[in-house]
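Undergrad: this one's sequence-less:
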């Protein structure tokens, strides 16, 4: 059976606050992992607007969208249990800061696989095995306070 493929653009956030980065904790394909907060862009929605909406839905936090960090492009050829489609995905990642309270109260529309939220100290990011190695490597400069250079990351 052929499964349809569609392009999905999404905005993701590297939200920094007091030396930590915000990650969603998820149960994905039977294992616990961490993701950057954010999600799919809707038709007619600018990426920064999509990012603010998605971060608020998933975390309850309001963020100020800063500079572009990375564009990550890849695809899935196995839709898994959560979807009946394959995705060619384009994730646009921005550096963000919290506006207002940084208390993790949870969002109103968390992803189906989301099981929590974590402020992870930046010095632990490079060894955090539950976060994609692609992101761990590119987040390393944040530990020393440097902003990573914008980059295109291929699957």
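TA: Looks like it came in fine. Worth saying up front: this structure is predicted, and the values here are computed from it rather than measured.
Undergrad: where exactly do the helices run in this protein?
TA: Along the chain, the segments classed as helices by DSSP state H run 47-59, 122-125, 133-139.
Undergrad: Go through the ones you listed and name the closest to residue 112.
TA: helix 47-59 (11.4 Å; C-beta to C-beta). In this view, the C-beta of every residue, glycine as well, is placed from N, C-alpha and C.
Undergrad: Just give me the residue closest to the centre of this protein.
TA: residue 36 (2.4 Å; C-alpha atoms, centre = their mean).
Undergrad: right, and that residue touches residue 10 too?
TA: No: shown here, residue 36 and residue 10 do not form a contact pair, counting by C-beta atoms under 8 Å, at 9.8 Å.
Undergrad: joint contacts of these two?
TA: Common neighbours of residue 36 and residue 10, counting by C-beta atoms under 8 Å, 6 or more residues apart in numbering, are absent.
Undergrad: follow-up on the earlier one: now do the residue lying closest to the residue nearest to the centre of the chain once chain neighbours are set aside: how many residues are near it, please.
TA: Nearest non-adjacent residue to residue 36, counting by C-beta to C-beta, 6 or more residues apart in numbering: residue 12, 4.2 Å away. Counted with other C-beta atoms under 10 Å, residues neighbouring residue 12 total 24.
Undergrad: repeat for residue 93
TA: 25.
Undergrad: Can you give me the neighbour number for residue 31?
TA: For residue 31, using other C-beta under 10 Å, the count is 8.
Undergrad: for the one 3 residues further on, same thing?
TA: The local packing of residue 34 (other C-beta under 10 Å) involves 23 other residues.
Undergrad: Can you name the residues that contact it?
TA: 23, 24, 25, 26, 118, 120, 128, 130, 131.
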